[in-house]
Each structure stands twice: as C-alpha cells, then as structure tokens.
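J.: Below are the sequence and a predicted model for it; my questions follow.
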Amino acid sequence: MNRIILADNQAIFRAGAARVLALEDDMRIVAQCEDLTRMTHALDAHHGAILLVSSTMQLEMHAVVTRARANGSRTILVAENGTDVADDLARLLDGVLFRNVPGVDLIDCIRRVGAGQRCVQRSNVTSILAQDTAGARVRDRLTPKEMQIVALIVQGCKNRQIATQLGTKEQVIKNYLRSIYDKTGVSDRLELALFTIHHKVLADAAARASDLLQAKSA
C-alpha cells in the first residue's frame, strides 16, 4: 500500500489529486497539508509515507527531503509548469512532476517511487506551450466577469460567496457558470479549477482578475 501525504497550499489541487488517487486500490491518502507545520506533523506521524509536495509551498526543499528521509519517507516535488528544477535538487528528490501531469502519469510516478525507483519528469517547453494554446483560447473566450468567477472558483469559493463578492445573486452566478462550462468544455467546478491550474496562461489571467477584484474591494 502506498501511503501518501499531499502537501499543497492550493486546496483545489489537493482535492483533484485526492480524487484521482482514491480510485486506486494501492493508494491511500493519510494526510492533506496546506502549510509547513501540518506537513511536518504528518511526516512524523506517518513514517514511510510518500510525500507529494508542491513548489508553491515555497519550502526549503533540501530540509524537507532530509526530514522525510529521517522518517523513512520519499519525496516527490510537483513543480509549476515551465519552471526549471535545479539539477542538484532533482538528484536529491525521489521524483519530480509538473503541475500539468496527467493522472495516469501521477499514479505511475507514485508507484515507481513507492517501489524504490526514481521518477523525474523533465519540463517539456514545447508541450507546455502547446497545452497553453488551449488555455489562451479559453482565456480569450471568457468575459472579465467570467474570469473573476473562475478566479474565485480556483480559490475554493462557493456560489453564495462568489455572489456576495461580486454584488449579485446566487442564481446569476449559476447562470454564469453554465456559460463558463460551455466555453471551457468542463462539467463541474472541480474540473474547471483543475483546467485553470493546469494551463498557465489561463491561471495567470485568473490571478490578475483576482488581484483586480481585491483592489476594488479594498
């Protein structure tokens, strides 16, 4: 059994990864962590687990790997799309994946690391740019209001919270979401959030919309 600690400050990615891994008989998520303190407690409580940790946590990875190894655990880093992982850090880690990794490759990597192998995915800039073409296409289809809603969905907000922040009614948000789903080709808010996170062009646009929304409410 591969026991997994998910450490990511993006709740939507944790939820998406958990949903993928929960379908596998040999995978069990023993902890989900959003910060260093919770991750440290999880490592101490679950010796021999596989730590799946995101680079967005902005942790000192050498120290993280050392702590994990002291508890008999292995470490897989999930890096942001298009970023470079230093060779010395990559050699230290048991696995390296990128945010846009398909579910089947995520599962395969965890199984390899669980079996004592290393699994290092190299950043494929050409592939990432090709995937971002889809992100750019969706970005250009969405209206500014729809982009704000996408940004709030990624942050884990419910329809009522979104309506409050945008000064409208919950039914209006539901209508917007139907339009957004049609434009992106997804069927629910989790798929929408994962699609956004996996496409850097769209994720950047959502982040800018979020910043603008926060500036207006300040």
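T.: Cool, the structure landed. Numbers count the residues shown, from 1 in each chain.
J.: where do the strands sit along this protein?
T.: Along the chain, the segments classed as strands by DSSP state E run 2-7, 27-33, 50-54, 74-79, 95-98, 119-120.
J.: Pull the number of nearby residues for the nearest residue in space to Ala22 that is not next to it in sequence.
T.: Setting aside the residues directly before and after it, Ala22 is nearest to Ile29 in space (CB to CB, 6 or more residues apart in numbering), at 7.0 Å. C-beta here means a position set from N, CA and C on the backbone, and glycine is covered the same way. In terms of burial, Ile29 registers 17 neighbours under the definition other CB atoms under 10 Å.
J.: mind checking how far Ile29 is from Gly103?
T.: Ile29 sits 14 Å away from Gly103 when distances are taken as CB to CB, to the nearest Å.
J.: same check, this time on Ala207
T.: Here the distance between Ala207 and Gly103 works out to 24 Å (CB to CB).
J.: bridging residues for the residue nearest to Ala22?
T.: With DSSP bridges as the criterion, Ile29 is bridged to Ile4.
J.: Identify whichever of the strands of the chain lies nearest to Ala163.
T.: The minimum distance between Ala163 and those falls on strand 27-33, with 27.7 Å, by CB to CB.
J.: Contacts for that closest one next, please.
T.: 1-8, 14, 18, 21-22, 38-39, 42, 45-46, 49, 107, 110 (CB atoms under 8 Å, 6 or more residues apart in numbering).
J.: correct me, but Ala42 touches Ile5?
T.: Yes: applying CB atoms under 8 Å as the test, Ala42 and Ile5 come out as touching, 4.7 Å apart.
J.: ok, for Asp8, nearest residue in space, not its chain neighbours?
T.: The spatial neighbour of Asp8 that comes closest, neighbours along the chain excluded (CB to CB, 6+ apart), is Ser54 at 4.0 Å.
J.: Near the one you found, how many other residues are there?
T.: 21.
J.: and if you look at Leu194?
T.: For Leu194, the number of neighbouring residues by other CB under 10 Å comes to 22.
J.: So it versus Asp25, what's the distance?
T.: Counting by CB to CB, the gap from Leu194 to Asp25 is 23 Å.
J.: Repeat that for His62.
T.: In this view, His62 and Asp25 are 34 Å apart by CB to CB.
J.: ok so, going back, the residue nearest to Asp8 bridge partners, please.
T.: Under DSSP bridges, the beta-bridge partners of Ser54 are Val78.
J.: Begin at 12 from now on, thanks
T.: Happy to do that; since the first residue is 12 now, the last one works out to Ser65.
J.: Which residues are in contact with it?
T.: Going by CB under 8 Å, 6+ apart, Ser65 touches 18-21, 24, 88-89, 110.
J.: 7 Å instead?
T.: Listed by CB atoms under 7 Å, 6 or more residues apart in numbering, the contact set of Ser65 reads 18-21, 24, 89.
J.: Tabulate those residues (CSV), appending neighbour count.
T.: Written out in CSV, the entries for the contacts of Ser65 read as follows (neighbours: other CB atoms under 10 Å):
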residue, neighbour count
Ala18, 26
Asp19, 23
Asn20, 14
Gln21, 20
Phe24, 20
Val89, 25
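J.: Out of these, flag the one nearest to Ile160.
T.: Lowest distance from Ile160 to the contacts of Ser65 (CB to CB) belongs to Gln21, with 17.5 Å.
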